[in-house]
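K.L.:
Could you work out the structure for the sequence below:
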Amino acid sequence: MAEFKIAQHIIAEENAKRAAALKADYDALGANLGRRGVDIDAITTKVAAFFVAVPSWGVGTGGTRFARFPGTGEPRGIFDKLDDCAVIHQLTQATPTVSLHIPWDKADAGELRAKGDALGLSFDAMNSNTFSDAPGQKRSYKYGSLSHTDAATRQQAIEHNLECIEIGKALGSKALTVWIGDGSNFPGQSNFTKAFERYLAAMAEIYKGLPDDWRLFSEHKMYEPAFYSTVVQDWGTNYLIAQTLGPKAQCLVDLGHHAPNTNIEMIVARLIQFGKLGGFHFNDSKYGDDDLDAGAIEPYRLFLVFNELVDAEYRGVKGFHPAHMIDQSHNVTDPIESLINSANEIRRAYAQALIVDREALSGHQNENDALMAAETLKRAYRTDVEPILAEARRRAGGAIDPVAAYRASGYRKKVSAERPASVAGGGGII
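P.N.:
Coordinates of the predicted model:
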């Protein structure tokens, strides 16, 4: 039985306050959806089975390149992070897996697995870090890692990724995510072709180290920390990488890693079509890679992404099982509350996509009826599916209102008394 970080009676008491209202709202929504030919219980069952991985680094306070303002009760290391992740899952029943970042989360694999088991958590994709230098590291990644001009530096980065695979094998993970900050800040600083050749050769060495049942996710990003060019700058380059490496290589789509106004849902459709959609890092953005809470700025875009995912699900696309992970930086909110809300918003977009009238949509598309096709999507998007989300949580033992239950528990105050106050530092995520 999992160790609960929040007393179950608190959740029960908070749920009792809201149970009658939830039943009334759920019944009303069920009647509404029934008139559309949608079975609300079937949708609730699907939503309850949809999970998203929490990033270990997301439970600490983030920052920008200008400053970081620490929050209270920040985790001191990976074991504190797992405690916080367990709270999120206990309340939402939507986040049973944690994605680790090495070397930030490096610890004895046996102890990590035992801690996860005790908390009812397992481990999702491993994340390597060759975009910053670890203490005691022999060679610097200031001028790149897997594409570095120096062979010894590239080999160091390769070995780090192979180490992440070995750690992941011990934890039960089945995927490795590789994101690099390699690129250039000035025209002429780097030979684009040679840098990409070096990157592909290095990634091929990592690919060879993958177990048969693992996947390798490559992640693209337009800019930052390289501001003139990045080696893996867009989804097209990412697709070329996956195609070149082999069938176990797929593309990871971070919603913040695109130019403003990019049609991300179409990118998702293309990658699904050619069997190379590996998964997502969910977040939101206004200007660039802002790492804001999922659904905070563009909830309709998030819905449109899920519309493509559900379309693929209904079509029975072969081998379709994208990884769903959150990747956010929480600068001014309690990270646990932000991750609770993000998990909820991701499930909301999924639920809305599930109630799209796909037969009507297909008919309007075939008839070139642009207005009614758009309205069919909007009708699903405008539907308040919160009763479905709340009922899915309640049935699984979670909280009808997880943020309210979290605040009622006093968890942040409790860990603030146990964990030393963090010292304000420079910019960057923890």
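
K.L.:
what pLDDT, on average, does stretch 276-295 get?
P.N.:
Averaging pLDDT along stretch 276-295 yields 96.

K.L.:
Check stretch 386-404 too.
P.N.:
98.

K.L.:
Can you give me the buried ones in that stretch?
P.N.:
386-394, 398-403 (16 or more other CB atoms under 10 Å). For every residue, glycine as well, the C-beta is placed using N, CA and C.

K.L.:
Need the residues that contact that stretch.
P.N.:
With contact meaning CB atoms under 8 Å, 6 or more residues apart in numbering, stretch 386-404 is reached by 11, 14-15, 18-19, 22, 25-26, 28-29, 40, 43-44, 47-48, 90-94, 337, 340-341, 344, 347-348, 351, 405-406.

K.L.:
Give the PyMOL command for selecting the buried subset of these.
P.N.:
Entered in PyMOL, the line below selects the buried ones among these, by 16+ other CB under 10 Å:
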select buried, resi 11+14+15+18+22+25+26+29+40+43+44+47+48+90+91+92+93+94+337+340+341+344+347+348+351+405+406
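
K.L.:
Just the ones in helices from the buried residues of stretch 386-404, please.
P.N.:
386-394, 402-403 (DSSP state H).

K.L.:
now those residues in JSON lines, with distance to residue 231?
P.N.:
What follows is those, written out as JSON lines (distance: CB to CB, whole Å):
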{"residue": "386", "distance to residue 231": "42"}
{"residue": "387", "distance to residue 231": "46"}
{"residue": "388", "distance to residue 231": "42"}
{"residue": "389", "distance to residue 231": "39"}
{"residue": "390", "distance to residue 231": "44"}
{"residue": "391", "distance to residue 231": "46"}
{"residue": "392", "distance to residue 231": "41"}
{"residue": "393", "distance to residue 231": "41"}
{"residue": "394", "distance to residue 231": "47"}
{"residue": "402", "distance to residue 231": "40"}
{"residue": "403", "distance to residue 231": "40"}
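
K.L.:
what about the strands in the stretch 301-430 of the chain?
P.N.:
323-326 (DSSP state E, counting those that start in this stretch).

K.L.:
got any ranges where it has weak pLDDT?
P.N.:
423-430 (pLDDT under 70).

K.L.:
ranges for the helices of it?
P.N.:
Counting by DSSP state H, counting those that start in this stretch, one finds helices in the stretch 301-430 of the chain at the ranges 335-354, 358-366, 370-382, 386-396, 402-409, 411-418.

K.L.:
can you redo those helices as a markdown table with distance to residue 226?
P.N.:
Converted to a markdown table, those look like this (distance: least, CB to CB, whole Å):
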| stretch | distance to residue 226 |
| --- | --- |
| helix 335-354 | 27 |
| helix 358-366 | 40 |
| helix 370-382 | 37 |
| helix 386-396 | 39 |
| helix 402-409 | 38 |
| helix 411-418 | 37 |
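
K.L.:
Surely residue 372 touches residue 364?
P.N.:
Yes: Residue 372 sits in contact with residue 364 when judged by CB atoms under 8 Å, with a separation of 4.4 Å.

K.L.:
Looking at those two, which has the bigger crowd around it?
P.N.:
Applying other CB atoms under 10 Å to residue 372 and residue 364 shows that residue 364 carries more neighbours, namely 19 against 14.

K.L.:
distance of that one from residue 374?
P.N.:
Using CB to CB, to the nearest Å, one gets 9 Å for the distance from residue 364 to residue 374.

K.L.:
cool, residue 149 as well?
P.N.:
In terms of CB to CB, residue 149 sits 50 Å off from residue 374.

K.L.:
And the contacts of stretch 153-170?
P.N.:
Under the criterion CB under 8 Å, 6+ apart, residues 100, 102-103, 106, 109-110, 113, 123, 125-130, 137-141, 144-148, 174-176, 178, 180, 198, 202, 205-206, 209-211, 214 lie in contact with stretch 153-170.

K.L.:
Buried residues in it, which are they?
P.N.:
153-154, 156-158, 160-165, 167-168.

K.L.:
now those residues in a markdown table, with secondary structure?
P.N.:
Listed next are the buried residues of stretch 153-170 as a markdown table, based on DSSP: H, G, I helix; E, B strand; the rest coil:
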| residue | secondary structure |
| --- | --- |
| 153 | helix |
| 154 | helix |
| 156 | helix |
| 157 | helix |
| 158 | helix |
| 160 | helix |
| 161 | helix |
| 162 | helix |
| 163 | helix |
| 164 | helix |
| 165 | helix |
| 167 | helix |
| 168 | helix |
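
K.L.:
Farthest pair within these?
P.N.:
Distance extremes for these: the farthest pair is 153 and 168 at 23.2 Å, using CB to CB.

K.L.:
which of the buried residues of stretch 153-170 lies closest to residue 421?
P.N.:
Of those, the one sitting nearest to residue 421 (CB to CB) turns out to be residue 167, at 30.2 Å.

K.L.:
Need the per-residue pLDDT for the closest one.
P.N.:
Per the predicted model, pLDDT is 98 at residue 167.

K.L.:
From residue 173, how far out is it?
P.N.:
8 Å.

K.L.:
which neighbours do the two share?
P.N.:
100, 126.

K.L.:
what's the longest helix in this structure?
P.N.:
helix 8-35.
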